[in-house]
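J.: coordinates only, sequence not included:
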Ligand SMILES: [Zn+2]
């Protein structure tokens, strides 16, 4: 079994050939050129697929809200204009006659961790990814919990501050406007007047013992933890997998593990918190897993 998997993000398309054991035999990355729009993008994806031979299945992890049955984008923001409505599965299968599975990128990453990464052996867990926003996925008995319109798991838009900051969703006070990496960077810029700062630079300062930075990071971690506390009380998960570049920082994961139990009720304290282990390969591996499960012929 050779699966061609593509993880289509806002800035780059990750491409991998994956075997049935979840081993990545080859991989590469090309720019998305998101601003050129959805139609140009799907044609770029079709071109990429055409470069590979002897492919049994195709798995696509895509940014935006996905209908996994139809394999199409049901909603995407204007980061990729015209991406909403693109029928990824139909376009690929019509051209190449290869069975194709399509999934939202956060869900695909969670499935990657479930079958090949940090959550192996856990049938039911939550996955959160911290970056520009906060993405979420719920895995229940090895499958994505999808909700009514395939849109469950938008943890970034839990409201944690009544009347709080404006969010890209149109609401106010959403979790991701306080707990995303973007929010941490914004606070460091505003409070310390630092320009040209990013997550890596912030942790360089923190690891050198900068107290002002540490205070801001610790306050931000309180925001991160409060969202997790609500999710733990709702889902009672045995495991939470935290992804996104910032969660690879030892200081962050240690702080969360140490402080989180102080805020949950006694019978919820058993929850384990781990870092995602597949990095930016999680999406292609999760998409490959779904493709392997898809019917062999179209
Ligand atoms: Zn929101």
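T.: All right, it came through fine. The shown structure was predicted, so the numbers you read here are calculated from the model rather than taken from an experiment. Numbers count the residues shown, from 1 in each chain.
J.: domains of this structure?
T.: Annotated domains of the chain cover 2-103+281-293, 118-277 [automatic domain parsing].
J.: need the residues of the stretch 151-298 of the chain near the ion, please.
T.: 157, 167, 169, 171, 174 (Cβ under 5 Å from the ion). Placement of C-beta: from N, CA and C, glycine included.
J.: re the thing from before, quick one: closest of the domains of the chain to residue 109.
T.: Nearest to residue 109, of all the domains of the chain, is domain 2-103+281-293, at 3.8 Å by Cβ to Cβ.
J.: gap between that closest one and the chain center?
T.: 15 Å (Cα atoms, centre = their mean, to the nearest Å).
J.: hang on, the earlier thing: most packed of the domains of the chain?
T.: domain 2-103+281-293 (a mean of 19; mean count of other Cβ atoms under 10 Å).
J.: tabulate the domains of the chain (JSON lines), appending distance to residue 109 and mean pLDDT.
T.: As requested, these are exported to JSON lines (distance: least, Cβ to Cβ, whole Å; pLDDT from 0 to 100):
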{"stretch": "domain 2-103+281-293", "distance to residue 109": "4", "mean pLDDT": "96"}
{"stretch": "domain 118-277", "distance to residue 109": "6", "mean pLDDT": "95"}
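J.: select the longest helix from the chain.
T.: Within the chain, and with DSSP state H defining each element, the longest helix by residue count is helix 211-235.
J.: got TSV for the domains of the chain, with distance to residue 112 too?
T.: What follows is these, written out as TSV (distance: least, Cβ to Cβ, whole Å):
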stretch	distance to residue 112
domain 2-103+281-293	3
domain 118-277	9
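J.: indicate which one of the ones you listed is closest to residue 110.
T.: Nearest of the domains of the chain to residue 110, taken as Cβ to Cβ: domain 118-277 at 3.6 Å.
J.: can you map out the helices along the stretch 151-298 of the chain?
T.: 176-179, 181-192, 199-207, 211-235, 250-259, 282-293 (DSSP state H, counting those that start in this stretch).
J.: among these, which is nearest residue 55?
T.: helix 282-293 (9.6 Å).
J.: which elements pack onto the closest one?
T.: Helix 282-293 sits against strand 3-8, strand 12-18, strand 24-31, strand 57-62, strand 100-104, helix 105-116, with contacts defined as 3 or more Cβ pairs under 8 Å, 6 or more residues apart in numbering; DSSP states H and E.
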